[in-house]
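Peer 1: fold the following, please.
(chains A and B)
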Amino acid sequence: MFEDIAPAKIGLEEWSRQFACVSDDLIRRYTYYGNNEWGIYLSPPATFMVYGARELKKLKYDNSLAALRLWGFTFNESERLFRARQNGMRVIATMGDLGTVPVIVMAFPSCIPFYPDCTWWTPFFNESTVLLDKASELGVPEASCFVRSSLAAFYKRAYFPKPEALFASTGASCDDYSALMQMVQDLGHDLTWLEIPYRRQRHEEDDPEEFCGTEQGYQYAARFDNYLANEYRRVWDKMRALTGNGDTAELKRSIRKANRLRRLVAKIKKTAGQASVAPFPALEMMVVEFGNLYGYGDIDEWTDIVEMVHNTVSERAAKGTGVLGPDAVPIAWITPTADPLLLNVAENLGARIVETEYVINQAHVEIDENIDPFLALARSFMNASLIGSTSERVRRIRDSVNQGRIKGVIISNMLGCSHCAMETRLIEEKLKDLPVLSIDVPAPMGITEQLRTRISAFMETLR
Amino acid sequence: MVLGLDVGSSYTKGVLFDGTIVRKTLIRTSFKPRQAIEQAQQELQGYARMAATGYGRELVAGAEKTITEITAFARGASYFEPSVRTIIDIGGQDSKVIKLKDGHVDRFVMNDRCAAGTGNFIEKIAQALSLSMPEFGELAVNAGRAETIDSLCVVMAETEILSLVGEGKRLEDIVAGVCDALVRRIDGIGSQIGIEEPILFCGGGPLNPGLVKSMKRVFGNVLIPADPQFVGAVGAALSV
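Peer 2: Below you'll find the model as predicted:
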């Protein structure tokens, strides 16, 4: 049935009507953890209203089977994590590094990585301040990043099971995460800390021998290779102690899986960005990008979904069909928006997001499969978005501008977020010869008419 | 003949336009924008096409085109003062500084998160001082030396102003200080994109002589169009 449907963005009710025509065979075909009894996840997005995700009624979704799988799979992550626990799997929280530690965790059978940090989306999907209010009660002030909701989620124990192990980053990492994780530690969790080194370019007075560079051209002190590889070996040792096993052949296999996913996503981004009409909506594209962090805890199934997304995007691009009008204005979006609705709003107002900098560059680079796996992980991580300078962070955006691919940039600024507080103005400064709009992402349910006007006016200036 | 409507939060402005303003109307929007739109359409009959701007623009049924106030002000400014480089609008709910390049919007900033940078600031202070808006404007323009109001928050400013009243400061100097505080705030917002002359001051703000005096004190030469409240409506009319 999906072959006959023209690409479009549809609402919750329309998806439910469309889902009524989906065959039972198709529903049974897709399962998580490979389980045919309780692992079925294909359901209309409206299902997740029951879980409290009230914002779903405001969103528009792609109408493809690939999108149906994508939403069914990602929205049932909470259920999946509790199922994992019920079935004797180990749930491992990996925080702050955004993309590398899960590759190690996935090398251990029956260990499921997840990012408690990602509960920062929950207050927005749920249109609720329950988690944010609880975080305030626990001592995190209102004027801090929305990621504070993860502390409340740890406290409430209703959003994910208590993890068997927690890995958290500090150093050249997000300060908000680090601060919150210290408070999580105070709740009685056993954390393993990784210290992330700061990546800086070689100065004139530096010995060139002591510096090296990533494939993307970021310079850093060569000693960080071994330093970071040893940090990842500590993660490995912790996981070995927890599970009683550990085979580096499995780690190499895990790296190959991560690379396969990363290559697929890179192809999707390239195809979507170059297509004459946007073949897939920005919101779903963001979900695809963030899947690179950890495959939403089941990398095999997620990769299969992304393969389907790739096919959908490729077919649409080849046919010149898509979900936005041909006059949509190509822009770049910097920093992920905590409120998913904002991406919908931007598209409704005429934007087409063809380039992104969602602070997860490290999850998009391939990991070298031909060297020591820990060293390979370290080297790939040295491409991370947030461990270097602002100039480095926006370099890719600037390249896109130079290639004439984008006409403007929107920066979503998180009130209270430690890097946003400083970096938004710096990014504006670095891109000052370009049309740039920075917007404060409001609290849940806070997208006002004024904010819409601001985005709309920006689009008018770009046309 | 084109009907241009600017459905703002305080007032709905309408112009019947055929290259010049043929007729115009100004209606209090209150919380009834649909009613204000209908009234404007009734009063300005004889149009063949219609375009709308302002927060209530999407409520204008039959509008051939809707554009944001930013674009509308830019287009309208080109009608009133073609050479203008910066537009400043102090509205009831937000304030805008729009920088133009070759008659088009180059950059813009809006203050819509805090009443301190909007016309609402003056209204609240006028209420606290039991002054009507015309009285407030007249007093401000007759000030000798404007008092300094440091607080940017309306609530805090109110307290500061009451302290000044208690100290026996002249009311004229206090209200002039309020106008200066608002304009300094606009200057701060505008500095993000750089304010360049010639500056066009439009919207309802220019009807307040005290505010105009403050604008000139802070920015030097400021141009006031003949119909400052109708710049957006004219811009809407010019968009079709």
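Peer 1: any figure for the gap between residue A:415 and chain B?
Peer 2: For residue A:415, the distance to chain B equals 10 Å [C-beta to the nearest C-beta, to the nearest Å]. For every residue, glycine as well, the C-beta is placed using N, CA and C.
Peer 1: okay, now residue A:384: neighbour count?
Peer 2: 27 (other C-beta atoms under 10 Å in any protein chain shown).
Peer 1: so for whatever residue of the stretch 1-150 of chain A ends up closest to chain B, what's the pLDDT?
Peer 2: When scored by C-beta to the nearest C-beta, the stretch 1-150 of chain A has residue A:143 as its residue closest to chain B, at 13.8 Å. If you check residue A:143, the pLDDT there is 81.
Peer 1: same question, residue A:447
Peer 2: pLDDT, read off for residue A:447, is 86.
Peer 1: hang on, it packs against residue A:339?
Peer 2: Yes. With contact defined as C-beta atoms under 8 Å, residue A:447 reaches residue A:339; the gap is 6.6 Å.
Peer 1: which element is residue A:330 on?
Peer 2: In this structure, residue A:330 is located in strand A:329-334 according to DSSP states H and E.
Peer 1: show me what that strand is packed up against.
Peer 2: In this structure, strand A:329-334 makes packing contacts with helix A:341-348, strand A:351-357, helix A:390-402, strand A:408-414, helix A:449-462, judged by 3 or more C-beta pairs under 8 Å, 6 or more residues apart in numbering or on different chains; DSSP states H and E.
Peer 1: contact partners for the residue of the stretch 1-150 of chain A closest to chain B?
Peer 2: A:415, A:416 (C-beta atoms under 8 Å, 6 or more residues apart in numbering or on different chains).
Peer 1: likewise residue B:197?
Peer 2: Here residue B:197 is in contact with B:85, B:86, B:219, B:220, B:221 (C-beta under 8 Å, 6+ apart).
Peer 1: closest one of those to residue A:424?
Peer 2: residue B:86 (23.1 Å; C-beta to C-beta).
Peer 1: the closest one: neighbouring residues, count only.
Peer 2: Neighbours of residue B:86 (other C-beta under 10 Å): 23.
Peer 1: what about it, distance to residue B:182?
Peer 2: As for residue B:86, its distance to residue B:182 is 17 Å (criterion: C-beta to C-beta, to the nearest Å).
Peer 1: could you do residue A:69 as well?
Peer 2: From residue A:69 to residue B:182 the distance is 54 Å (C-beta to C-beta).
Peer 1: between those two, who's got more neighbours?
Peer 2: Shown here are residue A:69 and residue B:182; by other C-beta under 10 Å, residue B:182 has more neighbours (30 against 21).
Peer 1: for the residue most central in space within chain B, list the residues it contacts.
Peer 2: For chain B, the residue nearest the mean C-alpha position is residue B:203 (3.0 Å; C-alpha atoms, centre = their mean). By C-beta under 8 Å, 6+ apart, the contact list for residue B:203 reads B:89, B:90, B:91, B:119, B:228, B:229, B:231, B:232.
Peer 1: how about the helices in chain B?
Peer 2: Under the criterion DSSP state H, helices of chain B are mapped to B:33-43, B:69-80, B:119-128, B:133-141, B:154-166, B:171-190, B:209-219, B:231-238.
Peer 1: could you tell me the angle between the shortest one and helix B:33-43?
Peer 2: By that I understand helix B:231-238. Going by axes from the mean of the first three to the mean of the last three C-alpha atoms, to 10 degrees, helix B:231-238 is angled at 70 degrees with respect to helix B:33-43.
Peer 1: out of the helices and strands packed on strand A:329-334, nearest to residue A:279?
Peer 2: Shortest distance between residue A:279 and the helices and strands packed on strand A:329-334, using C-beta to C-beta, is found for strand A:351-357: 10.6 Å.
Peer 1: touching the helix or strand just after the closest one from outside, list them.
Peer 2: As assigned by DSSP H and E, the chain's next helix or strand after strand A:351-357 is helix A:373-381. Contact partners of helix A:373-381, identified using C-beta under 8 Å, 6+ apart, comprise A:97, A:99-100, A:103-104, A:196, A:214, A:224-233, A:236, A:248, A:251-252, A:255, A:362, A:365-369, A:371.
Peer 1: let's see 7 Å
Peer 2: For helix A:373-381, the surrounding residues in contact (C-beta atoms under 7 Å, 6 or more residues apart in numbering or on different chains) are A:100, A:103, A:214, A:225, A:228-229, A:232-233, A:248, A:251-252, A:255, A:362, A:365, A:367-368.
Peer 1: likewise stretch A:390-409?
Peer 2: Here stretch A:390-409 makes contact (C-beta under 7 Å, 6+ apart) with A:218, A:273, A:329-332, A:334, A:354-355, A:357, A:385, A:423, A:426-427, A:430-431, A:434-436, A:458, A:462.
Peer 1: just the buried ones among these, please.
Peer 2: Buried by 16 or more other C-beta atoms under 10 Å in any protein chain shown: A:218, A:273, A:329-332, A:334, A:354-355, A:357, A:385, A:423, A:427, A:430-431, A:435-436, A:458, A:462, out of the contacts of stretch A:390-409.
Peer 1: and residue A:191, what's its pLDDT?
Peer 2: Listed pLDDT for residue A:191 reads 94.
Peer 1: tell me, how many residues neighbour residue A:158?
Peer 2: Residues contacting residue A:158 under the criterion other C-beta under 10 Å number 10.
Peer 1: so what pLDDT did residue B:103 get?
Peer 2: 85.
Peer 1: do the same with residue A:423
Peer 2: pLDDT, residue A:423: 82.
Peer 1: again, but for the one 3 residues further on
Peer 2: Reported pLDDT at residue A:426 in the predicted model: 86.
Peer 1: and the residue minimising distance to the centre of chain A, what is it in contact with?
Peer 2: Taking C-alpha atoms, centre = their mean as the criterion, residue A:290 is the residue nearest the geometric centre of chain A, at 2.3 Å. By C-beta under 7 Å, 6+ apart, the residues touching residue A:290 are residue A:360.
Peer 1: where does it land in three-state SS?
Peer 2: Assigned with DSSP: H, G, I helix; E, B strand; the rest coil, residue A:290 falls in the helix class.
Peer 1: farthest from the middle of chain A: give me that residue.
Peer 2: Most peripheral residue of chain A (C-alpha atoms, centre = their mean): residue A:205, 37.8 Å.
Peer 1: brilliant, that's me finished.
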